[in-house]
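Student: Provided below for reference: sequence and predicted model.
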Amino acid sequence: MAIDPPMKVKKLAHIHLGVDGGAEKFFVRLSAALARKGVEQIAFIRHDRPWRDELARHCDVRELRFSRSHLKRHFVRWGIARQIRKFGATATLGWMSPASKWLPAPGADMRTFLRLGDWPDGFHTYGNVQDLIGNTPEIIRQAVEMGWPEARAHVISNFVDPLPAGLTPVNRADYDTPEDATVLIHLGRFVGRKRFDLAIEAVSRLPGNVHAWLIGDGELLDDMKALAHRLGVADRVHFLGWQRDPSPFLKAADILLCPTDEEPLGNIVLEGWNAGLPVVATASPGPSWLIDDGVNGLLSPCGDAEALTGSLFRVLENRDLKQALVQGGSAKLTEHYSEDGVVTAYDRLLSS
């Protein structure tokens, strides 16, 4: 029986200022995986985050109120650095660019890293960042083009947790969806680049037994509801709000839709493969990197509703293709995006 080698990084500090979304879910997921490997962790987060209790199961959580005042910010940063030194962390990992402002200065006994799950927006607050971690090659490519040293830029992707054994799917009737409908599911923030409008337009071009579950919240929610009414599909497009755990909804759906314009990774592609769904996406950077077109998903040009609808028709009309895409997605998820592989990569870098 193989025994996992011990982790090299023993004590790790996190600084995370997010609210709730794909990046936050992966943060909690990674810290839990590291804890299972014996890594002791401390995390500095904003007060009253919805995932705070889940994180606290395996991590010492310090809730802070981050101030915009320059003077108060100085004392908050000093307090974080003092607590990290007292904790004895050998590495501090900031999550997304806003966390770079609060990273302590690195030293001989503690290194600093910043993990990006979105495009870099400049390095003016990166003074205490030693190394960047991007979850796709495109993020790192852009950072290097903007002037970040290539030797201090690294790609480590995400992983997803296997669905719990015996997971019960949601009851479709609870969401005004016929049992025999074909359900498309799209998840994310209701912002322009997520292109919920393309999902709604696709439904309007598809047969009447095709429904869409749109999971999330955001500034364009009311606009998307209005669009569904204008296109005459308000009875087939269901707005289900933000779901902390979308797994039961994925389990009850038929096709994972990712029609985004600018998606650095596309965590929902991994979620779709994990749930055993065929994935239909647009060719934004993340999905284009993840998906081998026709093997483990279908890709169409960004912003092209007709092409996206054509991809959906192919899946609807060809059972063999649908099954092949499901099998291909499952195989790639297992080979490239396993928990062990990603955790090992983080350990190797954080302890280097």
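Tutor: Now that the structure is in, tell me what you want to look at. Numbers count the residues shown, from 1 in each chain.
Student: domain ranges for the protein?
Tutor: For the chain, automatic domain parsing gives the domain ranges 11-159+337-350, 172-336.
Student: Make a markdown table out of those and add mean neighbour count.
Tutor: All C-beta atoms are positioned from the backbone trio N, CA, C, and that covers glycine. Formatted as a markdown table, the domains of the chain follow (neighbours: other C-beta atoms under 10 Å):
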| stretch | mean neighbour count |
| --- | --- |
| domain 11-159+337-350 | 18 |
| domain 172-336 | 19 |
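Student: Of those, which shows the lowest average pLDDT?
Tutor: Across the domains of the chain, domain 11-159+337-350 has the smallest mean pLDDT, namely a mean of 91.
Student: End to end on it, go ahead and measure it.
Tutor: This stretch, domain 11-159+337-350, spans 10 Å end to end (C-alpha to C-alpha, to the nearest Å).
Student: Please apply the same query to stretch 247-261.
Tutor: The distance separating the two terminal residues of stretch 247-261, taken as C-alpha to C-alpha, comes to 24 Å.
Student: and residue 166, which of the domains of the chain is closest to it?
Tutor: The closest of those to residue 166 is domain 172-336. By C-beta to C-beta, the value is 10.7 Å.
Student: Quick one: the helices in this structure, in order.
Tutor: All helices of the chain, identified by DSSP state H, fall at 22-36, 52-56, 70-87, 137-145, 196-205, 221-230, 247-252, 267-274, 285-290, 305-317, 319-336, 339-350.
Student: Not counting the third one itself, show me its contacts.
Tutor: For helix 70-87, contacts defined as C-beta atoms under 8 Å, 6 or more residues apart in numbering pick out 11, 13, 15, 42, 44, 60, 62, 64, 66-67, 92, 101-102, 104-105, 110.
Student: Can you tell me which of these comes closest to residue 253?
Tutor: residue 15 (35.2 Å).
Student: which residues touch the closest one?
Tutor: Residue 15 makes contacts with 43-44, 80, 92-95, 99, 102-103, as judged by C-beta under 8 Å, 6+ apart.
Student: same deal with residue 167?
Tutor: Residues in contact with residue 167 (C-beta under 8 Å, 6+ apart) are 247-248, 251.
Student: now do residue 332
Tutor: 273, 290, 292, 296.
Student: Please convert those to JSON lines, extending it with distance to residue 193.
Tutor: Below are the contacts of residue 332 laid out as JSON lines (distance: C-beta to C-beta, whole Å):
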{"residue": "273", "distance to residue 193": "22"}
{"residue": "290", "distance to residue 193": "17"}
{"residue": "292", "distance to residue 193": "23"}
{"residue": "296", "distance to residue 193": "23"}
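Student: between the residues you listed, which is nearest residue 177?
Tutor: Nearest member of the contacts of residue 332 to residue 177, counting by C-beta to C-beta, is residue 273, at 22.7 Å.
Student: Give me the distance between the nearest residue to the closest one once chain neighbours are set aside and residue 267.
Tutor: Nearest non-adjacent residue to residue 273, counting by C-beta to C-beta, 6 or more residues apart in numbering: residue 329, 3.5 Å away. Separation of residue 329 from residue 267 (C-beta to C-beta, to the nearest Å): 14 Å.
Student: what's the answer for residue 344, then?
Tutor: For residue 344, the distance to residue 267 equals 20 Å [C-beta to C-beta].
Student: ok, now residue 249?
Tutor: For residue 249 relative to residue 267 (C-beta to C-beta), the value is 15 Å.
Student: for residue 156, same thing?
Tutor: Residue 156 is 14 Å from residue 267, by C-beta to C-beta.
Student: Would you agree residue 267 is in contact with residue 157?
Tutor: No - using C-beta atoms under 8 Å, residue 267 is not in contact with residue 157; the gap is 9.8 Å.
Student: if we take the contacts of residue 167, which one ends up nearest to residue 114?
Tutor: Minimum distance to residue 114 across the contacts of residue 167 is 29.4 Å, recorded for residue 247 (C-beta to C-beta).
Student: Next one: the residue nearest to the closest one when sequence neighbours are not counted, what pLDDT does it get?
Tutor: Spatial nearest neighbour of residue 247, excluding adjacent residues (C-beta to C-beta, 6+ apart): residue 163 at 5.6 Å. pLDDT recorded at residue 163 is 84.
Student: Make sure residue 163 is actually in contact with residue 251.
Tutor: Yes - using C-beta under 8 Å, residue 163 is in contact with residue 251, at 6.8 Å.
Student: so what's residue 132 bridging to?
Tutor: Under DSSP bridges, the beta-bridge partners of residue 132 are residue 114, residue 153.
Student: my guess is it meets residue 153, correct?
Tutor: Yes - Residue 132 sits in contact with residue 153 when judged by C-beta under 8 Å, with a separation of 4.8 Å.
Student: chain center to stretch 191-203: distance?
Tutor: In terms of C-alpha atoms, centre = their mean, to the nearest Å, the centre of stretch 191-203 is set 19 Å apart from its chain centre.
Student: Check what contacts that stretch and list those residues.
Tutor: By C-beta under 8 Å, 6+ apart, the list of residues contacting stretch 191-203 reads 184, 186, 188, 190, 210-212, 214, 216, 218-220, 224, 227-228, 231, 233, 236-237, 257, 259-263, 282, 302-303, 305, 308-309, 312.
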